[in-house]
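> Model the following, please.
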Amino acid sequence: MSSLSIFRKVAVAEGISYLLLLFVAMPLKYFADMPLYVKYTGWAHGLLFVLYAATLVLAWQEQKWKFGKALLIFLASLLPFAPFIVDRKLKDGR
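So this is what the prediction gives:
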């Protein structure tokens with residue numbers, strides 16, 4: 001399995017965890033007084049974010065991307081739906 005394939009899987013998982021954190025766990029914390037969901041979802045998201053960064057570096061080296069492309073892909077991890085766009089573009093070979 002290539003590092004690009006692994007990165008794409010991690011990117012989707014990281015994107016899902018980010019959406020769960022923002023749109024499920026955070027509302028439960030503030031509107032239903034259930035802070036543990038943020039604790040556990042946040043922990044999982046943090047781990048997946050670190051994996052995203054690490055597998056990005058491996059894919060960057062393997063694919064010989066320019067720094068600008070790798071930087072944009074990293075910045076995509078900071079936006080809620082962007083990892084899914086990155087996955088689609090990488091799947092299409094862009």
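> residue contacts, Thr55?
Ser3, Ile6, Phe7, Val10 (C-beta atoms under 8 Å, 6 or more residues apart in numbering). Using the backbone N, CA and C atoms, a C-beta is placed for each residue, glycine as well.
> with the residues you listed in mind, which one is nearest to Lys64?
Minimum distance to Lys64 across these is 11.8 Å, recorded for Ser3 (C-beta to C-beta).
> How many residues are close by Gly42?
By other C-beta atoms under 10 Å, 16 other residues sit near Gly42.
> picking that back up, would you turn the contacts of Thr55 into JSON lines with distance to Glu62?
Listed next are the contacts of Thr55 as JSON lines, based on distance: C-beta to C-beta, whole Å:
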{"residue": "Ser3", "distance to Glu62": "5"}
{"residue": "Ile6", "distance to Glu62": "10"}
{"residue": "Phe7", "distance to Glu62": "9"}
{"residue": "Val10", "distance to Glu62": "14"}
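> And the top helix by length along the chain, what's buried?
Ranked by residue count, the top helix of the chain under DSSP state H comes out as helix 36-63. Neighbour counts over helix 36-63 (16 or more other C-beta atoms under 10 Å) mark 37-38, 41-42, 44-45, 48-49, 51-52, 55-56, 59-60 as buried.
> again, but for stretch 75-85
Ala76, Ser77, Ala82, Pro83.
> Give me the subset of those lying in helices.
Ala76, Ala82, Pro83.
> circling back: would you check which pair of the buried residues of helix 36-63 lies furthest apart?
Across the buried residues of helix 36-63 (C-beta to C-beta), the longest gap, 33.4 Å, separates Tyr37 and Trp60.
> okay if I get the ones in helices among the buried residues of stretch 75-85 as CSV plus pLDDT?
Listed next are these as CSV, based on pLDDT from 0 to 100:
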residue, pLDDT
Ala76, 96
Ala82, 95
Pro83, 95
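> so which of those comes closest to Trp65?
For those, the closest approach to Trp65 (C-beta to C-beta) belongs to Ala76, at 13.2 Å.
> Tell me which helix or strand the residue most central in space within the chain sits in.
Centroid-nearest residue in the chain, with C-alpha atoms, centre = their mean: Glu14, separated by 3.1 Å. According to DSSP states H and E, Glu14 maps onto helix 3-20.
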